[in-house]
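Chemist: Sharing a model that was predicted from the sequence below.
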Amino acid sequence: MSKGKNMRTTSVNVVRIATKGPGDVSGLLSLIEQGEIDPKSIVAILGKTEGNGGVNDFTREYAVSALSAALAPYVDLPPHRVEQRIAFVMSGGTEGVLSPHITVFTRDGTADRVSGKRLSIGMAHTRDFLPEEIGRGVQIRETARAVAAAMAEAAIVDPHDVHFVQIKCPLLTSDRIEAAAARGNKTVTNSAYGSMAYSRGASALGVAVALGEIEGEIDDEHVLRRFDLFSSVASTSAGIELMHNVVIVLGNSTSSAAPFEIGHAVMRDAIDATAVINALKSVGLHIEDGSEPPMASRQLVNIFAKAEASPNGSVRGFRHIMLEDTDISSTRHARAAVGGLISGLSGTGAVYVSGGAEHQGPPGGGPVAAIARLSTHDSD
């Protein structure tokens, strides 16, 4: 490679935008019109919508539809093709102090190389799954391949430089279950809601396999049974709006000149404030004490975390009722609890907290990643 090519690299930009509802695209369009965002450079959009996060949460599909329609004229594609060009991941549920928002990732190849490793992003898709493949070894293996492809696109060589892998995965519906039965096949479960956990879990195990976080053969029998097997960077979210996995790998690479860095830590339970603080510190955002927001020359862009109700029914020896509440889903309880903890430590409710952390961190816990914009001194 010539010296000139050695001096060229890619750059990633990250913008968090508040939304007034699942169909609100005004903030994004305003930044496009102001020239702050080049719509043709958008590669991924992660969002939190105010739905219930369940099987019938159509705010996710509504948000993707609105964004695709809004961006279509800017990228000269029909709306349904925009979804093939941009990786959309919408996570439903903004309980408690969590605030609906989207995080927009752009990428271009016009930057000069800098020293050190900076934020990089890579995307990949699996093939569509048959209903009977969801939650099983096929989904694990296909996800692992997609993670490897996304790492290559992000120019991330060392798995330790991967700090967050966001996946949108499918779920089962009665129609999909019946379609499998008509072909003489049985799905992993007959529960649409239960299938969300299987799909999330299998996808997370695929990340763990790709990054070498677990050893040995992983297959159907491990999903939702061996919770000691998990990925420390996987975040998976199930939705009705697709039948394949959308994989987004976020990490740091020497091939990136972005003025951002990403780091992560692992929450051991839903009240693990130390892990949140460590995630902030990993990108140079220091907290003076547990009640104050980050104080540093760097700027927090967003925090991404997983949350779930501890499956053993207790947190640090005290009983919780999240799994026994028949009025409110345990995932909604968990999002509210973890969202409140992270919001208090980061100083904002506009953080990405997703429920359902099967095989994503230890049981009852989950990964937490932070992206920070570097100071002017750091970017030099």
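Modeler: Nice, I can see it.

Chemist: any weak-confidence spans in the stretch 151-300 of the chain?
Modeler: By pLDDT under 70, the weakly predicted segments of the stretch 151-300 of the chain are 287-296.

Chemist: in it, which spans are helices?
Modeler: Taking DSSP state H, counting those that start in this stretch as the criterion, the stretch 151-300 of the chain carries its helices at 174-182, 192-210, 273-281.

Chemist: show me the contacts for the residue most central in space within the chain.
Modeler: Centroid-nearest residue in the chain: residue 166, 3.0 Å away (criterion: C-alpha atoms, centre = their mean). Contacts of residue 166 were listed using C-beta atoms under 8 Å, 6 or more residues apart in numbering, and they are 46, 89, 235-237, 247-248, 250, 304. For every residue, glycine as well, the C-beta is placed using N, CA and C.

Chemist: Of these, just the buried ones, ChimeraX syntax please.
Modeler: In ChimeraX syntax, the buried subset of the contacts of residue 166 is picked out as below (16 or more other C-beta atoms under 10 Å):
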select :46,89,235,236,237,247,248,250,304
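
Chemist: nearest to residue 274, of the contacts of residue 166?
Modeler: Distances from residue 274 to those, taken as C-beta to C-beta, are shortest for residue 304 (17.8 Å).

Chemist: host element of the closest one?
Modeler: Residue 304 is part of strand 299-307 when elements are defined by DSSP states H and E.

Chemist: rewinding a little: output the contacts of residue 166 as a markdown table; include the columns distance to residue 173.
Modeler: Formatted as a markdown table, the contacts of residue 166 follow (distance: C-beta to C-beta, whole Å):
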| residue | distance to residue 173 |
| --- | --- |
| 46 | 24 |
| 89 | 20 |
| 235 | 23 |
| 236 | 18 |
| 237 | 17 |
| 247 | 22 |
| 248 | 24 |
| 250 | 30 |
| 304 | 27 |
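
Chemist: Shouldn't residue 142 be within a helix?
Modeler: Yes. With DSSP: H, G, I helix; E, B strand; the rest coil as the criterion, residue 142 is located in a helix.

Chemist: The nearest residue to it once chain neighbours are set aside: neighbouring residues, count only.
Modeler: Ranked by C-beta to C-beta, 6 or more residues apart in numbering and with sequence neighbours excluded, the top spatial neighbour of residue 142 is residue 126, at 4.3 Å. Neighbours of residue 126 under the rule other C-beta atoms under 10 Å: 25.

Chemist: could we number from 744 for the rest of this?
Modeler: Shifting the count to begin at 744 puts that one at residue 869.

Chemist: Kindly provide the distance from residue 869 to residue 910.
Modeler: 9 Å (C-beta to C-beta, to the nearest Å).

Chemist: tell me, what's touching the two both at once?
Modeler: Common neighbours of residue 869 and residue 910 are listed as 886, 988, 990 (criterion: C-beta under 8 Å, 6+ apart).

Chemist: quick one: which of those is nearest residue 962?
Modeler: Using C-beta to C-beta, residue 886 comes nearest to residue 962 of the shared contacts of residue 869 and residue 910, at 13.2 Å.

Chemist: so who does the residue nearest to the closest one when sequence neighbours are not counted touch?
Modeler: Among residues not flanking residue 886 along the chain, residue 949 sits closest, at 2.7 Å (C-beta to C-beta, 6+ apart). Counting by C-beta under 8 Å, 6+ apart, residue 949 makes contact with 882-887, 889-890, 988.

Chemist: For the helix or strand where residue 759 lies, buried residues please.
Modeler: Assigned by DSSP H and E, residue 759 falls within strand 751-761. Neighbour counts over strand 751-761 (16+ other C-beta under 10 Å) mark 752-760 as buried.

Chemist: could these go into CSV alongside pLDDT and distance to residue 1091?
Modeler: CSV is the format used below for those (pLDDT from 0 to 100; distance: C-beta to C-beta, whole Å):
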residue, pLDDT, distance to residue 1091
752, 78, 31
753, 87, 28
754, 90, 25
755, 94, 21
756, 95, 19
757, 97, 15
758, 97, 14
759, 98, 9
760, 98, 13
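
Chemist: could those be laid out in TSV, adding distance to residue 940?
Modeler: As requested, the buried residues of strand 751-761 are exported to TSV (distance: C-beta to C-beta, whole Å):
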residue	distance to residue 940
752	40
753	36
754	37
755	32
756	34
757	30
758	32
759	28
760	30
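
Chemist: which of these lies closest to residue 846?
Modeler: Using C-beta to C-beta, residue 759 comes nearest to residue 846 of the buried residues of strand 751-761, at 5.1 Å.

Chemist: Quick check, that closest one in contact with residue 1093.
Modeler: Yes. Applying C-beta atoms under 8 Å as the test, residue 759 and residue 1093 come out as touching, 6.1 Å apart.

Chemist: So which residues of the stretch 794-943 of the chain form strands?
Modeler: Secondary structure of the stretch 794-943 of the chain (DSSP state E, counting those that start in this stretch): strands located at 830-835, 844-855, 861-868, 905-913.

Chemist: Please identify the most buried of those.
Modeler: Neighbour counts (mean count of other C-beta atoms under 10 Å) averaged over each of the strands of the stretch 794-943 of the chain peak at strand 905-913, with a mean of 28.

Chemist: Spatially, which two of the contacts of residue 949 are the most separated?
Modeler: Of all pairs drawn from the contacts of residue 949, the greatest distance, 12.3 Å, lies between 882 and 890 (C-beta to C-beta).

Chemist: Settle it for me: which of these two has more neighbours?
Modeler: Each of residue 882 and residue 890 has its neighbours counted (other C-beta under 10 Å); residue 890 has more, 31 against 27.

Chemist: contacting residues around that one?
Modeler: Listed by C-beta under 8 Å, 6+ apart, the contact set of residue 890 reads 867, 908, 949-950, 953-954, 990, 992.

Chemist: Redo the residues you listed as TSV? Include distance to residue 1013.
Modeler: Output for these, formatted as TSV (distance: C-beta to C-beta, whole Å):
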residue	distance to residue 1013
867	31
908	21
949	25
950	21
953	27
954	24
990	26
992	26
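
Chemist: What is the nearest of the residues you listed to residue 851?
Modeler: residue 992 (18.0 Å).
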